[in-house]
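Peer 1: here is a sequence with its predicted model. Questions after.
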Amino acid sequence: MNVLVINAGSSSLKYQLFRMEDASVLAKGKVERIGMDTAIVTHEPAGGAEFHEVKEILEHTSAIRRVVELLTHPQQGVVSAMSDIDAVGHRVVHGGEAFKHSVLVNDEVKKEIRRLFDLAPLHNPAAMLGIMAAEAAMPGVPQAVVFDTAFHQTMLAQAYLYPVPMALYRRHKVRRYGFHGTSHKYVSERAALLLGRPLAELKLITCHIGNGASCAAIVGGQSVDTSMGMTPLEGLMMGTRSGDLDPAIVPYVMGKEELTLGEVNSMLNKHSGLGAVSGISSDMREIVEAMEAGDKNAALAFDMYAYRLRKYIGAYAAGMNGVDAIVFTAGIGENSAQLRRAVCEQLTYLGVAFDADANAVRSSAERRISTAASMVAVLVIPTNEEWVIAQDTYNLVQGLS
Ligand code: AMP
């Protein structure tokens with residue numbers, strides 16, 4: 001069975017076609033600048049030459065039609081006809097409280113995703129465009145939706161509620177949802193395999209550290225806490241997002257700087273984090289380069305970033321009353337030996353014996369960066385959110401037959 005995974009943004013769409021039998025990626029690519037007469041299509045068939053084109057693509061349905069043409073093209077294609085695409089899996093950021101698992105798309109599901117537009121105004125409408133477009137371009141092909149929030153629906157009220165008037169929860173669903181769920185789920189399952197122990201016995205802290213960053217406390221394979229909250233702004237310091245701050249800063253700064261709600265929202269989401277503190281870049285590679293060249297602001301941004309992550313690891317070890325393994329994943333977690341070292345060398349109190357040599361090795365493989373004697377294992381596990389979406393879609397479609 002072949003499953004097409006789609007991650008739709010408001011003006012872009014990324015895709016991967018998986019052959020489920022051997023977990024191989026047959027092709028992947030993206031369409032950018034949808035809505036313009038100069039949209040950019042990039043298509044990478046496995047083992048074939050990368051294909052690029054610039055053409056008019058005015059909406060998502062045309063984008064998906066073009067993707068299907070490329071996937072079935074005599075030269076650039078990897079399957080012979082649309083009937084070789086057995087199902088489509090969509091990434092949807094917010095599933096609210098309604099979706100605790102991935103589901104097949106039907107009218108009720110679409111209605112519910114629309115009801116959640118308020119909670120994820122940038123992301124869910126874009127995902128809905130992708131769903132509607134795939135339905136139009138690929139009629140009769142089953143579609144599934146996989147939510148970033150669903151994995152965290154196992155959190156208890158003590159973790160997901162905020163200590164504010166409960167009417168806000170009842171009326172407006174103000175609570176912690178958490179994000180990056182497919183990634184936290186994937187790396188926690190891989191960690192159990194790598195450790196050779198049943199997931200059901202493990203207490204894990206998974207750190208998804210990319211442009212967006214969150215960590216999760218996972219007991220027996222179930223998320224019990226996570227650092228992102230009602231929105232992906234809470235928690236760790238990120239590339240352009242502040243993460244945690246005193247909520248009173250918001251009205252204070254709005255008054256002093258005469259900012260509107262939109263402006264303060266934009267400041268905290270787009271003009272904060274690594275970029276704001278360093279004054280150089282929101283990209284960790286550039287921060288590390290500048291720090292190594294002696295830039296003090298870059299060093300401060302790096303230190304704040306590592307310190308805040310270390311505090312979360314401590315909090316989650318406390319919350320779970322122990323931890324068996326800490327997992328690093330995503331762009332920074334997988335690639336920045338400096339960041340991992342800055343975090344882990346100060347976790348000796350937890351029983352972490354960090355292996356600096358193993359940490360320094362550049363590799364894209366799953367690996368352990370703690371010594372054999374370490375009481376808490378530290379692992380680097382490349383994430384694969386698309387594969388989780390493909391697998392969930394496959395399992396749901398299997399249930400249809
Ligand atoms: P992601 O959102 O998962 O794609 O991660 C993007 C982040 O990963 C950016 O901040 C990049 O700077 C960072 N990143 C990617 N490669 C490296 C690297 N080799 N060293 C440090 N950071 C990296």
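Peer 2: Arrived safely, thanks for sending.
Peer 1: hey, let's count contacts and neighbours off CA atoms from now on
Peer 2: OK.
Peer 1: for E97, which non-adjacent residue is closest in space?
Peer 2: In space, and not counting its chain neighbours, E97 is closest to Q153: 7.2 Å by Cα to Cα, 6 or more residues apart in numbering.
Peer 1: could you export stretch 65-72 as CSV, CA atoms only?
Peer 2: C-alpha atoms of stretch 65-72 as CSV (Å, rounded to 0.1, in the frame of the first residue of the first chain):
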residue,chain,number,x,y,z
ARG,A,65,-3.3,17.9,-9.0
ARG,A,66,0.3,18.9,-10.0
VAL,A,67,1.7,16.7,-7.3
VAL,A,68,-0.3,13.7,-8.5
GLU,A,69,0.8,14.4,-12.1
LEU,A,70,4.4,14.4,-11.0
LEU,A,71,4.0,11.2,-8.9
THR,A,72,2.5,9.4,-11.9
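Peer 1: which residues of this structure lie near the ligand?
Peer 2: With Cα under 6 Å from any ligand atom as the criterion, the chain meets the ligand at residues G210, N211, G212, D283, M284, R285, A330, G331, I332, N335, S336.
Peer 1: among these, name the ones in helices.
Peer 2: Residues of the residues of the chain next to the ligand located in helices (DSSP state H): M284, R285, A330, G331, I332, N335.
Peer 1: quick one: the helices in the stretch 201-350 of the chain?
Peer 2: In the stretch 201-350 of the chain, the segments counted as helices under DSSP state H, counting those that start in this stretch are 249-257, 261-270, 273-278, 284-292, 296-320, 330-335, 337-344.
Peer 1: could I get the second one in PDB with only the CA atoms?
Peer 2: Spelled out, it's helix 261-270. The C-alpha atoms that make up helix 261-270 are tabulated as PDB, following Å, rounded to 0.1, in the frame of the first residue of the first chain:
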ATOM      1  CA  LEU A 261      -2.900  42.700  20.800                       C
ATOM      2  CA  GLY A 262      -1.800  41.700  17.300                       C
ATOM      3  CA  GLU A 263       1.600  43.500  17.700                       C
ATOM      4  CA  VAL A 264       2.300  41.900  21.100                       C
ATOM      5  CA  ASN A 265       1.400  38.500  19.700                       C
ATOM      6  CA  SER A 266       3.700  39.000  16.800                       C
ATOM      7  CA  MET A 267       6.500  40.200  19.100                       C
ATOM      8  CA  LEU A 268       6.300  37.100  21.200                       C
ATOM      9  CA  ASN A 269       5.900  34.700  18.300                       C
ATOM     10  CA  LYS A 270       8.100  36.200  15.700                       C
END
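Peer 1: which of the ones in helices among the residues of the chain next to the ligand sit farthest apart?
Peer 2: R285 and A330 (13.4 Å; Cα to Cα).
Peer 1: which stretches of the protein have low pLDDT?
Peer 2: Counting by pLDDT under 70, the chain contains no low-confidence range.
Peer 1: grab the nearest non-local neighbour of the most centrally placed residue in the chain.
Peer 2: For the chain, the residue sitting closest to the mean C-alpha position, by Cα atoms, centre = their mean, is H180 at 3.6 Å. Nearest residue to H180 in three dimensions, chain neighbours excluded: D148, at 5.1 Å (Cα to Cα, 6+ apart).
Peer 1: then N269?
Peer 2: R241 (4.4 Å).
Peer 1: the one you found contacts H271, doesn't it?
Peer 2: Yes - R241 sits in contact with H271 when judged by Cα atoms under 8 Å, with a separation of 6.9 Å.
Peer 1: those two: which is more packed in?
Peer 2: More neighbours surround R241 than the other of R241 and H271, with 28 against 18 (other Cα atoms under 10 Å).
Peer 1: where do the strands sit along the chain?
Peer 2: Ranges of strands in the chain, per DSSP state E, are 2-8, 13-19, 24-32, 36-45, 51-57, 87-92, 103-104, 143-147, 203-209, 213-219, 222-226, 325-329, 367-368, 377-380.
Peer 1: partner strands of the third one, with direction?
Peer 2: So the one you mean is strand 24-32. strand 13-19 (antiparallel), strand 36-45 (antiparallel) (DSSP bridges).
Peer 1: got the contact list for the shortest one?
Peer 2: If you take Cα atoms under 8 Å, 6 or more residues apart in numbering as the criterion, strand 13-19 is touched by 1-8, 24-32, 60, 63, 130, 386-387, 390.
Peer 1: now do stretch 361-380
Peer 2: 191, 194, 323-329, 333-335, 350-356, 358-359, 381-382.
Peer 1: would you format the strands of the chain as a markdown table with mean neighbour count and distance to R341 included?
Peer 2: Shown next, in a markdown table, are those (neighbours: other Cα atoms under 10 Å; distance: least, Cα to Cα, whole Å):
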| stretch | mean neighbour count | distance to R341 |
| --- | --- | --- |
| strand 2-8 | 25 | 33 |
| strand 13-19 | 22 | 33 |
| strand 24-32 | 20 | 33 |
| strand 36-45 | 19 | 35 |
| strand 51-57 | 15 | 39 |
| strand 87-92 | 28 | 32 |
| strand 103-104 | 18 | 39 |
| strand 143-147 | 27 | 32 |
| strand 203-209 | 28 | 14 |
| strand 213-219 | 27 | 17 |
| strand 222-226 | 25 | 22 |
| strand 325-329 | 26 | 11 |
| strand 367-368 | 20 | 13 |
| strand 377-380 | 25 | 11 |
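Peer 1: and these as TSV, adding distance to L236?
Peer 2: Listed next are the strands of the chain as TSV, based on distance: least, Cα to Cα, whole Å:
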stretch	distance to L236
strand 2-8	24
strand 13-19	26
strand 24-32	29
strand 36-45	33
strand 51-57	37
strand 87-92	22
strand 103-104	30
strand 143-147	21
strand 203-209	9
strand 213-219	6
strand 222-226	10
strand 325-329	14
strand 367-368	23
strand 377-380	19
